[in-house]
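Chemist: Attaching a predicted model along with its sequence, questions to come.
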Amino acid sequence: AAIHDHLEEASSHFEVRVRYRHKKGYYVEVSCWGMALRDENGHPTRMLGGHREVRSVMGTSPRYDFPDDFLSNLTQSMHGTAFRYRLHPDGEDEFLFLSPEVRAIFGINGNERLTNTAPLWDALHPEDRASFEKAIQDSANHMSPFRQEWRLRTAQGTIWLSGQALPLRNADGSTEWDVVVLNITDRKEAEKQVRTQLRMQDTLRRISSRHINQPLDNVRKTISEALREIGSFIRADRVYIFDYDFKKQTTSNTYEWCAEGIRPEMDNLQNLPLSAFPWWVEKHLRGELLSIPSVEELPDDELKAALAAQDIQSLIAVPMMNGEKCIGFMGFDSVRYKHKYSEQEKEFLKLSAQVLANILSYDEQRRNLRDSEQQLNKITASAPAILFHLTLDENGAFAVPFISEGVRQLADGLSADTIMKEPTLLFEQMPAEDAQRFYEQLIASASTLTPLFLEFRVERGSETIWYNLSARAEKDAGDRVNWYGVVQNITQRKQIERMREASKELQFKYQEAERFASVASHDLQEPLRTIRSFAQLLDRRLDKSADGEIREYLNFITNASERMSRLVESLLEYSRMGRNSSPEIVDCEQLIEGLLQDMNDTITCASAVVSYEFLPIVQGYPQELRQLFQNLIGNAIKYQPEGNRPRVQIKVEEKASHWLFGVQDNGIGIPEESQEAVFEVFKRLHNREEYEGTGIGLANCKRIVELHEGEIWVDSAPGLGSTFYFTLPK
C-alpha cells in the first residue's frame, strides 16, 4: 500500500518497516525506503531505494555507499541527471557525485568531489535561491523528503529543473541526498503558454460580460477600459479602433487608449480618405491581419511618413468583422520599442477584435432599438391614456411586450420597464376582487376572441382611482392570444355620476332646509314678537303702584322672548352658512384689521389686548371667515376670570398644503373631557348668569372651517387659557 501511495502521489513518502524471515528460521525487522524516478510528465518509471536492519543507533541511519561508476551507469540509463550532495553541521557543503550532464552544464571536468560549490549556487536564479536553500535546510532538520523546482542560468539560457531526494543522516551529523534531477523547461514553457492562454480568455470573458449589461450611456467608458486591458496585456503603447465609412470612402479613429507618457492621436485621425492606402483596406476586406514589425524598414512613402509622425516603431492592425462585412479595424502601436508578436498573441488580437466588433454591433442594435422605443414612447406618452399589448399563451401565462409610460399613473414606482419585466405587478395594484374579475374576463375573451371591456379600481393611499380597459383580441400563428388596447382614467366620470346621485339627495335636503328656514323666520318669530308686544302693553297699562313682582315677571317674559329670537336668528345663520356666497381671495390681515375696528367698543370695555403676526392670503368665504375670527376673539375676551385683563394672540404657521392658525387666550380654559363637546350646537359649559351666549358660536366656527375643507380643535386646561387651532388650505 505504501508503494502504491508513493507511485500515485509524489508527495507521499515511502518508508516502512517490515519483517523478513531469516534463513535460520527467525524474523528480523527491516526498514525499507525508496524514491520513484519520474519522467517529465511526472509518471514513475523506476525506483531507487534500499533496506536496512533496524538497529538501536540514536539519530543515525546505516549508510550504503554506492561506487561512482555504479551511480554513473545508473544515471545514464534513466531520464534526467543526478548528484549526491552533502551538508555538514557547520554549514559547509560539497558535491560527492555529479552526473555527466550536470558536469557538462557547468563545464566541470573529471569525477572528483566538488568542494567549491559557489559556481553551482551562483548559477541559481536569484528569485529561487532563498526557497532552494530553505528546502534543503528543512529536509535536513526534519529528515523529510526534498522536493523542489528551480531555475538555473546556463550558457544556453535559463532552464527549469525539478529534483527530489530522501535525506540520510551520517554518523558525523552530516546529511546527504542522492538527488534525481529532471529538466522540466518544456513543461514550464507549456504551462506558461497555458496560463497566458487562460489569462487571454479571462480578459476577453471579463470584457464581454462587463459590457453586456452596461447602459448605453456608459459604452464609451467601457470600450476605453477594454482597450486599456487588452493593450496592457500585450504591452502595447497605443490601442485604437477605426471605423470604415464606405459611403463617404473615409475612415476615422473612434476610440483610443494610450499608455502613460504616450501622445494621443485620435483628434488628428478623422475622415482619412480610403484612397490613400488602398492595399491596407483591401487586406482588411479579405479578413487578413496586417502586421508591420518595423516602420523604419518600410519604403519611403506616405504611409511611413504618417506612422513615423506618430513615433510608431511597429504596429499590427486587425480587421473587425460583422459577419462577412468589415466594419473597421483595431490597431496596436508600439512606440517605445519594437514588438514582434507571437502566433499566440496574434490569435489573441484576432479574438479581441472580434469581441469588440460584436460589442459595437450589439450596441448599435441596442441604440436603434432604444431610439425606436423612445420615439414610440414620445408618441404614446402624450396620450391621456395607457396603451398596451398583452399576450396569453396556451398555459395561461400572460406577458406584456409593450406598455406606454402612461402606466406610471397607476402607482408610484411603476414604469413601462418594470411592468414588461414583471406583468403581475399590474394585478397587485387592484383590489383582489377586481383582479379576479380581470383574469376571468381575460380568459373569456381569449376563448371566444371577443373584445375585452373592464372597469377596475386602483387604491392610491386613501384615494380610489377608477380605470376603464378596452382591447381587441386576435390569435397569432403560434396560437397565442394578443390584445391591443387602451386604459383610460374614468375617476372624474365616476365622481360626476356620484355627484349626480348626491345632488338629488342634496337638493331634497336643501329644500327641507329652506322650508325650515322659512318656518323659523316666520312661524317662530311671529309668536315671539306677539309675546314681547303684549308684555310691553301690560307693562304700560299697569299702574305705577302695581306689584313689583308682576313687573319682574313681565321682564322675565320680555327677556326670554328676546333670547329666543336671538337663538332663532343664530340657527338661521347656521343653516344659511356658505349658501349665498362664493369663494374669493381673502387677505387675512385686512380682514382682521377691519374686524378689530368694528369690535373696538368690546375690546376697549374689557381693556383687552389683541395682537397678531403675519397673516396670509387665502381663498375662502369672506363673510364666514370674518365670523370665524369674530367668534373666537369674542369668546377669548368673554370667558375670563373676574378682574383678569384679556390677552388674545393670533398665530399662523405655514405647512406643506395648508396654513395652521392659532387663536390663543389667557382665559378660564376648558377641561379636557369637554374639548370636543364645545363644538356641538347648543352645548354650554356655563349657565347664563355666569356668561351670556346662545351656545352656537363654536358650532358655527366648526361649520365655517369644514366649509373650507379644514379642521378645528382646542388645546386647553382649566385656569391656563385656551388655544383654538384651525387649518385653511393654501
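Modeler: That came in fine, so what should we check first? Source: prediction; values computed, not measured.

Chemist: Once you drop chain neighbours, what's closest to D363?
Modeler: Among residues not flanking D363 along the chain, V219 sits closest, at 5.3 Å (Cβ to Cβ, 6 or more residues apart in numbering). Yep, even glycine has a C-beta here, placed from its N, CA and C like the rest.

Chemist: my read: that neighbour touches Y362, true?
Modeler: No: V219 lies out of contact with Y362 (Cβ atoms under 8 Å); the separation is 9.8 Å.

Chemist: between these two, who's got more neighbours?
Modeler: Taking neighbours as other Cβ atoms under 10 Å, V219 and Y362 compare with V219 leading, 19 against 14.

Chemist: Going by secondary structure, that one is in what exactly?
Modeler: helix 219-234 (DSSP states H and E).

Chemist: Would you mind listing the buried residues in that helix?
Modeler: For helix 219-234, the buried set under the neighbour-count rule, 16 or more other Cβ atoms under 10 Å, comprises V219, T222, I223, A226, L227, E229, I230, G231, F233, I234.

Chemist: Low-confidence regions, the stretch 51-200 of the chain specifically.
Modeler: Residue ranges of the stretch 51-200 of the chain with pLDDT under 70: 52-80, 107, 109-112, 196.

Chemist: 90 instead?
Modeler: Scanning the stretch 51-200 of the chain for pLDDT under 90 picks out 51-84, 95-123, 152-166, 170-172, 178-200.

Chemist: so where does the residue nearest to A435 when sequence neighbours are not counted fall, helix or strand?
Modeler: Nearest residue to A435, sequence neighbours excluded (Cβ to Cβ, 6+ apart): F427, at 4.3 Å. Element membership for F427 (DSSP H and E) is helix 425-428.

Chemist: tell me the SS of C326?
Modeler: What DSSP: H, G, I helix; E, B strand; the rest coil gives for C326 is strand.

Chemist: Quick check on the residue lying closest to E302 once chain neighbours are set aside: phi, psi?
Modeler: Taking Cβ to Cβ, 6+ apart, and ignoring the residues beside it in sequence, E302 has A276 as its nearest neighbour in space, at 6.4 Å. The phi/psi pair for A276 (degrees, to the nearest 10) reads phi -70, psi -30.

Chemist: Specify which member of the buried residues of helix 219-234 is nearest to L442.
Modeler: V219 (39.9 Å; Cβ to Cβ).

Chemist: Distance check, the closest one against K24.
Modeler: In this view, V219 and K24 are 90 Å apart by Cβ to Cβ, to the nearest Å.

Chemist: Next: G710.
Modeler: In terms of Cβ to Cβ, G710 sits 122 Å off from K24.

Chemist: my read: the residue nearest to A435 touches Y439, true?
Modeler: Yes: applying Cβ under 8 Å, one finds F427 in contact with Y439, separated by 7.5 Å.

Chemist: downstream neighbour of the top helix by length along the chain in the secondary structure list?
Modeler: Secondary structure of the chain per DSSP state H: the longest helix is helix 343-381. Per DSSP H and E, the first helix or strand lying C-terminal to helix 343-381 is strand 386-392.

Chemist: returning to what we had before: let me know the closest of the buried residues of helix 219-234 to P401.
Modeler: After measuring those against P401 - Cβ to Cβ - the closest member comes out as V219, at 25.5 Å.

Chemist: From L351, how far out is the closest one?
Modeler: 20 Å.
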